[in-house]
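Student: show me how the following folds:
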Amino acid sequence: MLDQLMGYDVILLTSYFAVKYFFDFLAKKRVSITELAKKDFVVIGQRTAGALKERGVEPKYIAQDESSEGMFQVLKKNYSLKGKKFLLPRSSLPNSYMKVQLKKQGATVDEIAIYQNVKPKKRPLPLMPIHGVIFTSPSTVMNFLKDYVTIPKSWRIYAKGLVTQKVLQKAGYKSEVLSRT
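Tutor: Numbers count the residues shown, from 1 in each chain. Modelled structure (predicted):
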């Protein structure tokens, strides 16, 4: 993969952690960022964009809709996708949406798992009253349900994004999607 790095047209970074671990990986392999920074980087959300800027790289495009669907719409709007070559450094948890959609458009997508998304140890819930919970990703929903089996009915449930909301709905829970205001 390293010898082919410069052959990619666009590098897709979907989270703060993707930026962190991708650049840690590059540093460990002693890859110079100077040439790589000339590539188009497309990211999901402002936090990911900020993490990339901290590494001295300016994102070409930022998907404001913080989801794979939102990123795909940005790519479709700004690129002729047929024949483009994309690199998608990601977590160990598969999300085939981006790869499937780009391939349908005639693009090539190489995924590389650069970090492990591992369930943390179960911790006791706080003793103080809880009125609500924010789930930031599908994996946080699944991890919570593995540890605690259910989400108390008295809690107000919030989802960061529609994908997380869909996971909650599939598990039988209603939630509100957090807005970016």
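
Student: name the next helix or strand downstream of the helix or strand bottoming out on mean pLDDT in the chain, please.
Tutor: Every helix and strand of the chain was ranked by mean pLDDT, DSSP states H and E. The lowest is helix 33-36, at a mean of 83. Next helix or strand after helix 33-36 toward the C-terminus (DSSP states H and E): strand 40-44.

Student: now the strands for the chain?
Tutor: Secondary structure of the chain (DSSP state E): strands located at 10-13, 40-44, 61-63, 85-91, 108-115, 132-135, 156-159, 176-177.

Student: buried ones in the fifth one?
Tutor: Looking back up the chat, that one is strand 108-115. 109, 111, 114-115 (16 or more other C-beta atoms under 10 Å). Quick note: C-beta positions are derived from backbone N, CA and C, even for glycine.

Student: that one vs strand 85-91, what angle?
Tutor: If you take axes from the mean of the first three to the mean of the last three C-alpha atoms, to 10 degrees, strand 108-115 sits at 20 degrees to strand 85-91.

Student: so which elements touch strand 108-115?
Tutor: With contacts taken as 3 or more C-beta pairs under 8 Å, 6 or more residues apart in numbering; DSSP states H and E, strand 108-115 sits against helix 16-28, strand 85-91, helix 97-104.

Student: how about the ones you listed in CSV, adding distance to Val167, mean neighbour count and mean pLDDT?
Tutor: CSV is the format used below for the helices and strands packed on strand 108-115 (distance: least, C-beta to C-beta, whole Å; neighbours: other C-beta atoms under 10 Å; pLDDT from 0 to 100):
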stretch, distance to Val167, mean neighbour count, mean pLDDT
helix 16-28, 19, 18, 92
strand 85-91, 15, 21, 92
helix 97-104, 13, 17, 92
